[in-house]
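*Asks:* Pasting the sequence and the predicted model now:
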Amino acid sequence: MIRRRDQIRLSVQKLTLRKKRAVFSIISVALGVVVVVAVDSLIQNVRDLVMKTQFTEDIDKDAIKVFAGDNPYEYNMTPEERKEQRKKRVQFLTESTFEEIRQLPGVEAADHPVDVKPISIDAFADQPRPVELLSGVPDGMLKRHVKDPQVLATCTNVIPLVVGEHNVRLRYDPKKKKFVAENPAAVNAWIGRDVTITVGDNYASMYNYRFEYYKKQWVELDKDEVAQQREGIDRNLRNQYEPTVISTTLALKGRVVGFCSGNQIMMPLETAITCEKWLTQRKALAELHPATHEDEVEYGERGRETPRAGEYTEGLVLVKPGANTEVVAGKIRKMGLQATTRASAFESFVKELDTAIRFVKRIAFAFGGIILGIACALLWSTTSRIVFDSRVDIGLFRALGATKGDIRRLFLSEAVLLGLLGTLVGMLMGWSVAYYISRWVIRLVRHETSDPEELLMVPDSVFHVDVSFCLMLLAGAAFVSILAGLIPANRAANVDPVKALKRE
């Protein structure tokens with residue numbers, strides 16, 4: 001009977017005698033493991049990184065964004081969807097649609113949103129984010145975010161504004177060369193602050209800071225860089241509009257009355273409508289090449305591509321305090337509209353992200369599985385060759401008292417040793433590949449992220465080692481190696497010792 005430690009020693013000796021074939025088998029196993037381990041070491045943290053830097057809370061928790069449910073130019077409907085849409089077909093939202101929504105239980109207000117752009121606020125000129133858009137919302141939504149009713153009561157000759165918390169939460173520290181979080185007292189000091197709103201500011205989208213990755217610090221743009229931005233904007237405007245008219249601005253007074261989540265800045269809906277009309281008239285006057293009139297084209301069942309006056313593709317609904325937002329959204333969907341809440345937007349985002357993650361994992365694991373399948377064939381071939389070359393040794397072992405089980409275990413241990421060595425080498429290579437990919441991903445994200453607050457959420461690495469997965473991989477490698485070496489090992493155990501020694 002062969003002792004187990006002698007079995008391992010003999011297996012190692014046999015593999016060293018066939019170095020080329022053993023190394024080739026180990027590398028083939030390692031290549032398949034590299035792909036699987038690298039993807040597993042990155043995929044979860046990459047998912048978390050995307051969620052942190054991509055999803056924003058632009059939807060109020062008590063608000064519902066409503067979209068026309070049947071615009072055939074946005075996507076191609078399946079026959080089932082088209083059949084269902086015939087029951088209630090809404091291509092554009094109208095005042096009658098909003099009135100129907102207002103009658104639903106739990107709804108406080110419903111109207112079409114108005115986005116005023118370009119627009120700037122002097123108090124945010126040195127802030128990390130440029131402000132170029134204000135959203136007009138119903139008064140009820142604005143009042144939900146008011147911290148001090150007395151401040152709102154003083155807004156008789158100024159425009160009340162609700163500011164996104166992200167816009168006031170960071171401050172640039174020139175000594176540390178980075179953005180730091182403001183303390184609560186400094187944030188609350190914004191309440192009641194008077195600001196100047198410049199409607200029609202074409203330079204509202206300009207950035208004042210850039211991030212130097214290698215120095216790991218933010219720096220304020222110099223005058224030349226700011227001038228280059230302005231020149232680029234001027235060049236684009238000169239090609240489309242009369243410069244003097246398009247550069248005309250309207251100055252309004254505003255006052256901060258509250259905070260909301262995200263980066264959104266809200267103003268009363270009626271004020272936003274007035275600003276939008278002013279911007280529309282300015283643009284019409286400034287157009288050097290006015291668009292030629294085109295006859296409206298009807299597309300039969302598919303309807304019209306663009307809305308007419310009084311028709312909208314989007315709406316905003318505010319639910320009453322304590323009302324279930326999801327229940328109200330469900331009733332709006334029954335009207336043939338698309339309704340999105342903060343929860344459903346997050347759920348949809350996560351679902352799309354997880355679908356993409358699963359697709360990547362399937363491709364990577366399938367590729368790794370194909371390589372591992374080839375590696376199993378090589379293990380079988382290597383073990384078979386070892387058995388053929390070791391017929392005399394098998395005869396001697398049997399003559400010295402080794403059982404068939406000893407011979408079978410001897411060659412199975414060789415196959416398992418090859419599989420485990422290949423898996424360990426693949427793990428080390430996979431971790432190395434994942435580590436360098438992690439560094440590249442973080443560098444890319446930091447280069448592409450212009451939002452300082454998002455940048456603060458970017459970790460130093462997305463690489464991690466999943467110990468349980470690695471142990472499962474080792475166990476799986478051992479099992480597959482046993483399967484690959486089982487037939488050659490059985491063949492070795494059934495070798496006739498007399499014939500093997502006679503041949504020698």
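*Replies:* Yep, it's here. Numbering: from 1, shown residues only.

*Asks:* Spatially nearest residue to Leu372 (excluding sequence neighbours)?
*Replies:* Once flanking residues are discounted, Leu372 sits nearest to Gly32: 3.7 Å by C-beta to C-beta, 6 or more residues apart in numbering. Where you see a C-beta, it was placed from the backbone N, CA and C, and this is true even at glycine.

*Asks:* Show me the shaky parts of the stretch 351-500 of the chain.
*Replies:* Applying pLDDT under 70 to the stretch 351-500 of the chain flags residues 375, 378-379, 382-411, 450, 484-500.

*Asks:* Contact partners for the nearest residue to Ala30 once chain neighbours are set aside?
*Replies:* Computed as C-beta to C-beta, 6+ apart, the closest residue to Ala30 that is not its neighbour in sequence is Gly426, at 3.7 Å. By C-beta atoms under 8 Å, 6 or more residues apart in numbering, the contact list for Gly426 reads 29-34, 37.

*Asks:* and if you look at Glu242?
*Replies:* With C-beta under 8 Å, 6+ apart, Glu242 has these contacts: 285-288.

*Asks:* And Val66, by the same measure?
*Replies:* Residues in contact with Val66 (C-beta under 8 Å, 6+ apart) are 93, 101, 110, 314-317, 332, 337-340.

*Asks:* Give me the three-state assignment for it.
*Replies:* In three-state terms, and counting by DSSP: H, G, I helix; E, B strand; the rest coil, Val66 is strand.

*Asks:* Just give the number of residues close to the closest residue to Asn208 other than its chain neighbours.
*Replies:* Spatial nearest neighbour of Asn208, chain neighbours left out: Leu221 (5.7 Å); criterion: C-beta to C-beta, 6+ apart. Using other C-beta atoms under 10 Å, Leu221 has 15 neighbouring residues.

*Asks:* Over to Met206?
*Replies:* As a burial measure, Met206 scores 18 neighbours (other C-beta under 10 Å).

*Asks:* Tell me who's in contact with it.
*Replies:* 130, 226, 229-230, 233.

*Asks:* hmm, 10 Å instead?
*Replies:* Contact partners of Met206, counting by C-beta atoms under 10 Å, 6 or more residues apart in numbering, are 120, 125, 130, 132, 221, 225-226, 229-230, 232-233.

*Asks:* Which ones among those map onto helices?
*Replies:* 225-226, 229-230, 232-233 (DSSP state H).

*Asks:* Now list the buried members of those.
*Replies:* Ile233 (16 or more other C-beta atoms under 10 Å).

*Asks:* any weak-confidence spans in the stretch 201-350 of the chain?
*Replies:* In the stretch 201-350 of the chain, residues with pLDDT under 70: 213, 290-305.

*Asks:* need the helices for it, in chain order.
*Replies:* Applying DSSP state H, counting those that start in this stretch to the stretch 201-350 of the chain gives helices spanning 223-238, 243-246, 269-286, 325-334, 342-389.

*Asks:* so what does the fourth one touch, helix or strand wise?
*Replies:* Okay, so that is helix 325-334. Helix 325-334 is packed against strand 63-67, helix 95-102, strand 107-111, strand 314-319, strand 338-340, helix 342-389, with contacts defined by 3 or more C-beta pairs under 10 Å, 6 or more residues apart in numbering; DSSP states H and E.

*Asks:* With the last one instead?
*Replies:* The contact analysis (3+ C-beta pairs under 10 Å, 6+ apart) places helix 342-389 against helix 4-17, helix 19-54, strand 63-67, helix 325-334, helix 391-399, helix 404-448, helix 467-493.

*Asks:* how many neighbours does the nearest residue to Pro128 once chain neighbours are set aside have?
*Replies:* Among residues not flanking Pro128 along the chain, Pro452 sits closest, at 4.3 Å (C-beta to C-beta, 6+ apart). Residues contacting Pro452 under the criterion other C-beta under 10 Å number 21.

*Asks:* how near is Pro452 to Asn188?
*Replies:* Pro452 sits 21 Å away from Asn188 when distances are taken as C-beta to C-beta, to the nearest Å.

*Asks:* any idea how the protein splits into domains?
*Replies:* 4-55+351-503, 113-311 (automatic domain parsing).

*Asks:* before we move on, the earlier item: buried only: go through the contacts of Val66 for me.
*Replies:* Taking 16+ other C-beta under 10 Å as the criterion, what is buried in the contacts of Val66 is 93, 101, 110, 315-317, 332, 337-340.

*Asks:* Which member of these is positioned nearest Val350?
*Replies:* Thr340 (13.9 Å; C-beta to C-beta).

*Asks:* ok now do that closest one, which residues does it touch?
*Replies:* 59, 63-67, 329, 332-333, 348.

*Asks:* Please tell me how far the nearest residue to Val350 once chain neighbours are set aside sits from Phe349.
*Replies:* Nearest residue to Val350, sequence neighbours excluded (C-beta to C-beta, 6+ apart): Met51, at 7.2 Å. Look at Met51 and Phe349: by C-beta to C-beta, they are 8 Å apart.
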